[in-house]
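> Coordinates for the following, if possible.
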Amino acid sequence: MGQTLTTPLTLTLTHFPDVRARAHHLSVEVRKGRWKTFCSSEWPTLQVEWPRDGTFNLSIILQVKAKVMDPGPLGHPDQVAYVITWEDLVRNPPFWVKPFLHSPSPSQSTLLALEAPKNRNSDPQKPVLPDEPQRDLLLLDPLPPTPENPLLRPPPYASPSAPTLSPTSPSAPTLSPASPTVPTLSPTSPSAPSMSPSPVPPELTPQAPPATPRLRLRRTEDPDGSPTWRSSLFPLRTVNRTVQYWPFSASDLYNWKTHNPSFSQDPQALTSLIESILLTHQPTWDDCQQLLQVLLTTEERQRVLLEARKNVPGPGGLPTQLPNEIDEGFPLTRPDWDYETAPGRESLRIYRQALLAGLKGAGKRPTNLAKVRTITQERDESPAAFMERLLEGFRMYTPFDPEALEHKATIAMAFIDQAALDIRGKLQRLDGIQTYGLQELVREAEKVYNKREKKKENLSKIGLKIGTTDPLGLAP
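Next up is the predicted model:
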């Protein structure tokens, strides 16, 4: 008795400064109110078994991510930042999440590594790996069994029908699974020559194809002192990779334009869409121009570019006023940025950051409190969802930040005055209402909302017992 139940949602809300910092590291922005609303109200309706109290189950998180990032009309681009931050908390858990992870995150690969028992006389003899004290990890992959051919030397070469990769690093050679026969061990000499695969059309040859799945063998010591080898499938990591460029497809651009409102009609929705595209696609300068050309009108583009150039960060991180720094950080003509180099990627990151700030600045409308007053709680709308909708209204029709402390009283009064009748009466009778925070108001409103739902359930049960759906005789 007296103990508080800790759930993934309450845990993340308690450590929300860490969550916000992690989101900032991912180049996105998350808000506490929306974090709670999406977890407790939105994601449970996606039919992926997401609990209202949240979960650290990576499989369920990835299902929510797939639903949220759907490019069609059923997607939720405004929720992308929140689900990828939640995913990152599981993939790279901080110290306060680790105790709640009961098992490692499942691998997304369909290839599973099995650990065989020590004594299995019925199995065929497997090759024994040589003991190399200078290396704790070895890689095991199949080789084409053609030792009689003098032209074949390790590392292996691709078959004519399926070109494969050459080793990515002399210290850890990777071999191609070109043959279904019993795997053989590759020599570890870093000076072994390699041959290029058979020619393929240039358009089918990516600059850096993904690495093939590999089994890593780790040597462990048994209690009796004899070493054993255990294999497990680790997430693949590309060493010294070359960044691949994938331009936007015509279908993507068409779907984004067709299934989303215009910038003038709903700037918040289109800004959220472009923010998710900037995050997931990492577009180049040319791609950004194509995106703006398709999704915005000429007048809208001019406003966005003007606002973006006001938000170019200077050396100290604050917006700069120097024309040369503005032209360097947000050029209007095509710059010579190489996305395969670290400086080029950093320039693109700054450009995308300023572009997003320009979209948010250009999307702000003139102050119109009358529009905010028209936002009232709907009949079956939860208090958390209503609060989030009210905050969005303040962001859209007023110039100030609704989450700032100096505007807390204004938001609180709007929430009370525009809530449902029964909730409004309960909140107006609270003592010391001026000391309540927004989340405390939502909790008090949810008590009334939950009682209302419970009363409906009890009335429906009474109706079932007496054989009518209208136990109070209210129906005409």
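> where exactly do the strands run in the chain?
Secondary structure of the chain (DSSP state E): strands at 137-140, 215-221, 227-232.
> Walk me through the domains of the chain.
Domain segmentation of the chain under automatic domain parsing yields 8-100, 252-362, 369-466.
> Check the separation of the first and last residues in the second one.
The first residue of domain 252-362 is 24 Å away from its last residue (C-alpha to C-alpha, to the nearest Å).
> State the number of residues packed around Leu89.
Residues near Leu89, counting by other C-beta atoms under 10 Å, number 23. The way it works is simple: take the backbone N, C-alpha and C, and place the C-beta from them, glycine included.
> re earlier: among the domains of the chain, which comes closest to Tyr245?
For Tyr245, the closest of the domains of the chain is domain 252-362, at 6.9 Å, according to C-beta to C-beta.
> pLDDT of the closest one, averaged?
What domain 252-362 shows for mean pLDDT is 91.
> Please shift the residue numbers so they start at 35 in all later answers.
Yep, numbering from 35; the last one is domain 286-396 now.
> where does the protein have low pLDDT?
Filtered on pLDDT under 70, the chain yields the residue ranges 35-38, 136-277, 495, 497-510.
> Show me which helix runs longest in it.
What stands out as the longest helix in the chain, according to DSSP state H, is helix 472-500.
> re the thing from before, would you list the domains of the chain in a markdown table and tack on distance to Gln278?
Output for those, formatted as a markdown table (distance: least, C-beta to C-beta, whole Å):
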| stretch | distance to Gln278 |
| --- | --- |
| domain 42-134 | 19 |
| domain 286-396 | 10 |
| domain 403-500 | 37 |
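> Contact partners for the nearest residue to Trp84 once chain neighbours are set aside?
Closest residue to Trp84 apart from its sequence neighbours, by C-beta to C-beta, 6 or more residues apart in numbering: Trp77 at 4.3 Å. Neighbour list for Trp77: 84, 98, 117 [criterion: C-beta atoms under 8 Å, 6 or more residues apart in numbering].
> re the thing from before, which elements pack onto the longest helix of the chain?
Secondary-structure packing of helix 472-500 (3 or more C-beta pairs under 8 Å, 6 or more residues apart in numbering; DSSP states H and E): helix 66-71, helix 417-431, helix 442-451, helix 455-462.
> could you check the angle helix 442-451 makes with it?
Going by axes from the mean of the first three to the mean of the last three C-alpha atoms, to 10 degrees, helix 472-500 is angled at 20 degrees with respect to helix 442-451.
> Give me the neighbour count for the residue nearest to Arg413 when sequence neighbours are not counted.
Once flanking residues are discounted, Arg413 sits nearest to Ala454: 7.4 Å by C-beta to C-beta, 6+ apart. Ala454: 20 surrounding residues under other C-beta under 10 Å.
> Pretty sure Ala454 sits against Gln411.
Yes: counting by C-beta atoms under 8 Å, Ala454 touches Gln411, with 4.7 Å between them.
> Can you list the buried residues in stretch 319-331?
Of the residues in stretch 319-331, 319, 321-322, 325-326, 329-330 count as buried by neighbour count, 16 or more other C-beta atoms under 10 Å.
> oh sorry, the question was meant for stretch 480-489
Neighbour counts over stretch 480-489 (16+ other C-beta under 10 Å) mark 482-483 as buried.
> again with stretch 463-481
Across stretch 463-481, burial judged by 16+ other C-beta under 10 Å covers 470, 472, 475-476, 478-479.
> Out of these, which comes closest to Leu47?
Checking the buried residues of stretch 463-481 one by one against Leu47 (C-beta to C-beta), the nearest turns out to be Val476, at 12.2 Å.
> Gly106 versus that closest one, what's the distance?
In this view, Val476 and Gly106 are 32 Å apart by C-beta to C-beta, to the nearest Å.
> what number of residues lie near Gly88?
If you count neighbours by other C-beta under 10 Å, Gly88 ends up with 24.
> isn't it right next to Leu43, touching?
Yes: the pair Gly88 and Leu43 passes the contact test of C-beta under 8 Å, sitting 3.8 Å apart.
> what's the overlap in contacts for the two?
73-74.
> which outside residues touch stretch 47-55?
Contacts of stretch 47-55 (C-beta under 8 Å, 6+ apart): 46, 63-64, 66, 69-70, 119, 123, 128, 130.
> at 7 Å what do you get?
Outside stretch 47-55, the residues within contact range by C-beta atoms under 7 Å, 6 or more residues apart in numbering are 46, 64, 66, 70, 119, 128, 130.
> ok, which pair from the residues you listed is furthest apart?
Farthest pair in the contacts of stretch 47-55 (C-beta to C-beta) is Lys70 and Pro128. Separation: 19.0 Å.
> These two: which has the busier surroundings?
Lys70 (21 against 13).
> Could you measure from that one over to Trp77?
Using C-beta to C-beta, Lys70 is found at 11 Å from Trp77.
> now swap in Ile450 and tell me
As defined by C-beta to C-beta, Ile450 lies at a distance of 28 Å from Trp77.
> ditto for Ile95
As judged by C-beta to C-beta, Ile95 and Trp77 stand 9 Å apart.
> do the same with Gln473
Distance, Gln473 to Trp77, by C-beta to C-beta: 19 Å.
> Nothing else from me, thank you.
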